[in-house]
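A.B. asks: Structure, please.
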Amino acid sequence: MYYHHYGPGWIILALIMIAPFWRLCRRVGHSPWLSLLMFVPLANVILLYYIAFGDWPAQRGAAGTA
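C.D. replies: Numbering: from 1, shown residues only. Down below sits the predicted model:
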């Protein structure tokens with residue numbers, strides 16, 4: 001039998017990675033629930049590029065006030 005011993009350290013590391021993406025998504029105006037995509041292997045890279053190069057809803061409201 002093939003067995004990986006990741007233990008609770010893997011879950012703690014995943015939660016540590018989700019916390020900054022939760023705040024980042026909320027800060028730029030997207031749903032913070034998108035940060036749960038960090039658990040999905042290819043979706044996490046796509047989410048990172050989506051946030052980096054996409055339009056931020058939070059900036060759309062600020063652009064009209066300047």
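A.B. asks: and residue 55, backbone torsions?
C.D. replies: Here is the backbone geometry of residue 55 (degrees, to the nearest 10): phi -80, psi 140.
A.B. asks: For it, give its distance to residue 21.
C.D. replies: According to C-beta to C-beta, to the nearest Å, residue 55 and residue 21 sit 18 Å apart. C-betas here are computed from N, CA, C, even on glycine.
A.B. asks: Between those two, which has more neighbouring residues?
C.D. replies: Legend: neighbour count by other C-beta atoms under 10 Å for residue 55 and residue 21, higher for residue 21 (19 against 9).
A.B. asks: which residues does the more buried one contact?
C.D. replies: Contact analysis of residue 21 by C-beta atoms under 8 Å, 6 or more residues apart in numbering lists 34-35, 38, 47.
A.B. asks: rerun at 10 Å
C.D. replies: Residues in contact with residue 21 (C-beta atoms under 10 Å, 6 or more residues apart in numbering) are 32, 34-38, 44, 47-48, 51.
A.B. asks: and which of these is nearest residue 6?
C.D. replies: For those, the closest approach to residue 6 (C-beta to C-beta) belongs to residue 38, at 16.2 Å.
A.B. asks: Next, count neighbours for the closest one.
C.D. replies: Residue 38 sits with 20 neighbouring residues when counted by other C-beta under 10 Å.
A.B. asks: On the three-state scheme, it is what?
C.D. replies: Here residue 38 is recorded as helix under DSSP: H, G, I helix; E, B strand; the rest coil.
A.B. asks: Which helix or strand contains the nearest residue to it once chain neighbours are set aside?
C.D. replies: Of all residues not flanking residue 38 in the chain, residue 44 sits nearest, at 4.7 Å (C-beta to C-beta, 6 or more residues apart in numbering). Taking DSSP states H and E as the criterion, residue 44 maps to helix 43-53.
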